[in-house]
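> got a sequence here, can you build the structure:
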Amino acid sequence: MSQATSPTSRLPARASRPTPLAGVLVVTALASVGTGAVTNGVFFLAKSAYAYQDRLNLTLGAVLGAAYIAGALAVGPALRRLARVTPWLSTRAVLATLLVLIALAAVLPALGRGAGPITLWIAVLVFAPATGAFWPIVEGYLSGGRRSGSLIRAIGAFNITWSIAVVGAMWLMVPLIERHPLGMLALVGLLHAVAAVCLLAFGREPARTDPDAWPDEPHPDSYRTLLAAFRVLLPLSYVLLSVLSPLLPGLLDRLGVELTWQPALASCWMIARVLTFLTLERWHAWHGSRVMAVLAGSLMLLGFAGAVLAPGAGSGGVAVLVVSLTLFGIGMAGVYVGALYYVMEVGHGGVEAGGAHEAVIGAGYTLGPVIGLLAGSLAGWADPTRRDTTTLALLGVLTLIALAGVLPLALSRVRRGRSPGNNG
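Numbering: from 1, shown residues only. Take a look at the predicted model:
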């Protein structure tokens, strides 16, 4: 889910009042259970229902990310085209259609249980682009008619709501994962159908935010540099996440964790993210500080490396994994909130900003599994004795990507620091 403005400026007539925040949060909570169950939990479901291992889970993750990008990039042009062809069709109706489509896709594997994993792939190919289109529109309703402090508070509540719902999705899997893994997807479908009914609280169109209603508040020049830093860290965070998520079922297997409790243990980083969201919403001393970018990025990388390198069962591996996932979740939250804050302070993008931002997240979701597949291929998937080699190859490739993004940014920062008049 992104934090940028949304491509929902599709009709000249829009609501003058913001959509009630409670209504947006209810829809967000219901839909986020599905996002958590599919984006983060589908790999546990695939493992339980179809015995998927690392390679197939990484492939599934890459397909999910690519389909998500397609939906995120298509939503803005599609809405404008619909406005021209069917001016009677409201943005709320588009949201309802997407929710129904997602609901049908989610129940497909349970209904077509006898057809095998093909139904799961079809569900992902429908769910991912529909979700990629859904969230930018919801964020348009969230931000429309709000600005400054009102917008900051609304997005803070939005972040806390969806992050708690994602944790809830992982814990809902605990009683279902072993015997009824596809039942979790059926529950996702039901929740999206309920969310479609809750759209009655939404207006036909998102409210208009008048840029002249609130004067732009001045911000230090250093905020632009910090925004650039977080724009590098944000996609990197999703690359790391999208490598780690498909590998977690295998990692937990090797640590001797029972399948029933694997989703709950994997949610450690999500719980840490929720607590960090709550902390950063209340504590604002980090605003304008470069320490936040350095600390969040470092914790994210350290947590990822610790999780991938966790020792085997009986040697404190579970404790190492829990601590590592906690550090990873804190870093992920810091990067997300930092990117949100500085993009709001420095200024929003254009009409396509929400979809473009979701596409960046989708690119991370796609690139991560591709890197994992590359590392596995380099080390040899078939030989289990080469697991350490696979891990080292994975860490090496990710280190190169991190350096490729961070070093140019650091050099740019040095040049800016030498420029006269720079306050950073």
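
> Val94 against Leu79, yeah?
Yes. If you go by Cβ atoms under 8 Å, Val94 and Leu79 touch, sitting 6.8 Å apart. The way it works is simple: take the backbone N, C-alpha and C, and place the C-beta from them, glycine included.

> name the residues contacting each of those two.
Ile137 (Cβ atoms under 8 Å, 6 or more residues apart in numbering).

> who has more neighbours out of these two?
Leu79 (24 against 19; other Cβ atoms under 10 Å).

> that one and Ser90 touch, don't they?
No. Leu79 is beyond contact range of Ser90, at 10.7 Å (criterion: Cβ under 8 Å).

> show me the shaky parts of this protein.
By pLDDT under 70, the low-scoring segments of the chain are 1-16, 148, 209-219, 312-315, 344, 347-362, 378-424.

> mind running it again at 50?
2-13, 214, 349-353, 382, 384-386, 389, 410-411, 414-424 (pLDDT under 50).

> tell me which stretches of it form helices.
Secondary structure of the chain (DSSP state H): helices located at 21-35, 42-50, 54-85, 91-111, 118-143, 148-172, 181-198, 222-254, 262-266, 268-282, 290-308, 317-346, 353-379, 387-418.

> quick check: which of those is nearest to Glu205?
helix 91-111 (5.2 Å; Cβ to Cβ).

> got a list of what Tyr365 touches?
Taking Cβ under 8 Å, 6+ apart, we find Tyr365 in contact with 39, 61, 64-65, 68-69, 238, 241-242.

> mind doing that once more with 10 Å?
39, 61-69, 128, 132, 235, 238-239, 241-242, 245 (Cβ atoms under 10 Å, 6 or more residues apart in numbering).

> hmm, which of those are the buried ones?
39, 61-69, 128, 132, 235, 238-239, 241-242, 245 (16 or more other Cβ atoms under 10 Å).

> Val38 and Ala106: what is the separation?
8 Å (Cβ to Cβ, to the nearest Å).

> what's the closest non-adjacent residue to Gly156?
Glu281 (4.4 Å; Cβ to Cβ, 6 or more residues apart in numbering).

> actually Phe328, sorry about that
Gly303 (2.9 Å).

> the one you found contacts Val335, correct?
No. Judged on Cβ atoms under 10 Å, Gly303 makes no contact with Val335 at a distance of 11.7 Å.

> quick one: common contacting residues for the two?
Joint contacts of Gly303 and Val335 (Cβ under 10 Å, 6+ apart) are Leu240.

> distance of the residue lying closest to Ala195 once chain neighbours are set aside relative to Pro263?
The shortest distance from Ala195 to any non-neighbouring residue, by Cβ to Cβ, 6+ apart, is to Leu30 (4.0 Å). In this view, Leu30 and Pro263 are 19 Å apart by Cβ to Cβ.

> before we move on, back to that, what's near enough to touch the residue nearest to Phe328?
Per Cβ under 10 Å, 6+ apart, neighbours of Gly303: 240, 244, 268-269, 272, 321, 323-332.

> between those, which sits nearest Leu299?
Gly331 (3.5 Å).

> mind checking how far the closest one is from Phe230?
12 Å.

> which of these two has more neighbours?
Gly331 (27 against 23).

> next one: the more buried one relative to Leu244, how far apart?
12 Å.

> what do these two both touch?
269, 303-304.

> residues in contact with the residue lying closest to Gly23 once chain neighbours are set aside?
Nearest residue to Gly23, sequence neighbours excluded (Cβ to Cβ, 6+ apart): Ala201, at 3.0 Å. By Cβ under 10 Å, 6+ apart, the residues touching Ala201 are 19-20, 22-24, 26-27, 92, 141.

> at 8 Å instead, please
Per Cβ under 8 Å, 6+ apart, neighbours of Ala201: 19-20, 22-24, 26-27.

> distance check, Leu252 against Val294.
Distance from Leu252 to Val294, by Cβ to Cβ: 30 Å.

> when these two are compared, which one has more neighbours?
When neighbours are counted by other Cβ under 10 Å, Leu252 comes out ahead of the other of Leu252 and Val294, with 24 against 13.

> ok, the more buried one to Thr326 distance?
Counting by Cβ to Cβ, the gap from Leu252 to Thr326 is 15 Å.

> repeat for Gly112
Taking Cβ to Cβ, one finds Gly112 at 38 Å from Thr326.

> of the two, which one has the most company?
Set Gly112 next to Thr326 and count neighbours by other Cβ under 10 Å: Thr326 wins out with 21 against 15.

> wait, isn't that one in contact with Met270?
No. Using Cβ under 8 Å, Thr326 is not in contact with Met270; the gap is 10.3 Å.

> got the end-to-end distance for stretch 166-184?
One end of stretch 166-184 to the other measures 13 Å (Cα to Cα, to the nearest Å).

> which other residues reach it?
So stretch 166-184 is in contact with 32-37, 40-41, 44-45, 48-49, 109-110, 113, 187-188, 259-264, 266-267, 270-271, 274, going by Cβ under 8 Å, 6+ apart.

> give me the buried subset of these.
32-37, 40-41, 44-45, 48-49, 109-110, 187-188, 262-264, 266-267, 270-271, 274.

> rewinding a little: now, which of the contacts of Ala201 sits nearest Arg147?
Among those, and counting by Cβ to Cβ, the member closest to Arg147 is Thr19, at 14.3 Å.

> tell me the phi and psi of that closest one?
phi -60, psi 140 (degrees, to the nearest 10).

> that one - nearest residue in space that isn't next to it in sequence?
Tyr141 (4.4 Å).

> ok, that neighbour - how many residues close by?
Neighbours of Tyr141 (other Cβ under 10 Å): 29.

> any idea how far Ile152 is from it?
In terms of Cβ to Cβ, Tyr141 sits 17 Å off from Ile152.
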